[in-house]
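# I would like to see how this sequence folds:
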Amino acid sequence: MKKGFTLVELLGVILILGLITMLAIPPLINRIKATKTTLSEATATLIKTSADLYVDNNKNAFPKINGNVFCLSLQKLSDEDYLTRDLKDITTNKPIDLTMFVKVTVTNDFYNYEVVDKCVEYKQ
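Residues are numbered from 1 along each chain as shown. Sure thing, here's the model as predicted:
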C-alpha cells in the first residue's frame, strides 16, 4: 500500500487555496490604496496649512471681502520657505509640481483653501 495524496485530493487543496487567495487579496489591495489616498490627503493638508501660514503672515495682501479669490503658486510658497522643495506625492512617489496653485477663497470672513492646477484671481 502506497502512502500519499491522490490527484483529486491535490486538486481539492489547490482549489481551496485559490479561493482563499481570491477572497483575501482584494481587501488587502483596497487597504493599500486607501492608505495611499490618506497620505495624499495629508500632503494636500500640509500644502493648505502652508498657504494658511503665508496668508496669515501677509494679511494686507489678502483682504477678507466675500467672494475674493487669491492664487498662491506652490513655487511661491516654496521660495518663501513655507514648503520644502522636495515635497513628494505619495501616490506617484514623484515631486509635487510647483506650478500648481492654492486657491484661496474668502467666504463669510473665512479663508478656504483648495489645491488646483489652474487658478484665476478675482478681487472686489
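# show me what contacts Asn66?
By C-beta atoms under 8 Å, 6 or more residues apart in numbering, the residues touching Asn66 are 106-109, 124. In short, each C-beta sits where N, CA and C put it, glycine included.
# among the residues you listed, which are in strands?
Among the contacts of Asn66, the ones falling in strands (DSSP state E) are 106-107.
# The contacts of Asn66 into TSV, with extra columns for pLDDT?
As requested, the contacts of Asn66 are exported to TSV (pLDDT from 0 to 100):
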residue	pLDDT
Val106	94
Thr107	93
Asn108	90
Asp109	88
Gln124	76
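# okay, the contacts of Asn66 in a markdown table with distance to Ala24 next?
What follows is these, written out as a markdown table (distance: C-beta to C-beta, whole Å):
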| residue | distance to Ala24 |
| --- | --- |
| Val106 | 49 |
| Thr107 | 46 |
| Asn108 | 48 |
| Asp109 | 51 |
| Gln124 | 57 |
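# which among the contacts of Asn66 end up buried?
Val106 (16 or more other C-beta atoms under 10 Å).
# List just the nearest of the contacts of Asn66 to Arg31.
Thr107 (35.5 Å; C-beta to C-beta).
# mind listing what the residue nearest in space to the middle of the chain touches?
Per C-alpha atoms, centre = their mean, the C-alpha nearest to the average position across the chain is that of Ser40, at 2.1 Å. When contacts are counted by C-beta under 8 Å, 6+ apart, Ser40 touches 89-91.
# Out of those residues, list just those in strands.
Per DSSP E, these map to strands at Asp89.
# now the contacts of Ser40 in TSV, with pLDDT?
TSV is the format used below for the contacts of Ser40 (pLDDT from 0 to 100):
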residue	pLDDT
Asp89	79
Ile90	75
Thr91	74
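# pLDDT of the longest helix along the chain, averaged?
Counting by DSSP state H, the longest helix found in the chain is helix 7-57. Per-residue pLDDT values over helix 7-57 give a mean of 88.
# That one: how far from the chain's middle?
Between the centre of helix 7-57 and the centre of its host chain there is 13 Å, according to C-alpha atoms, centre = their mean, to the nearest Å.
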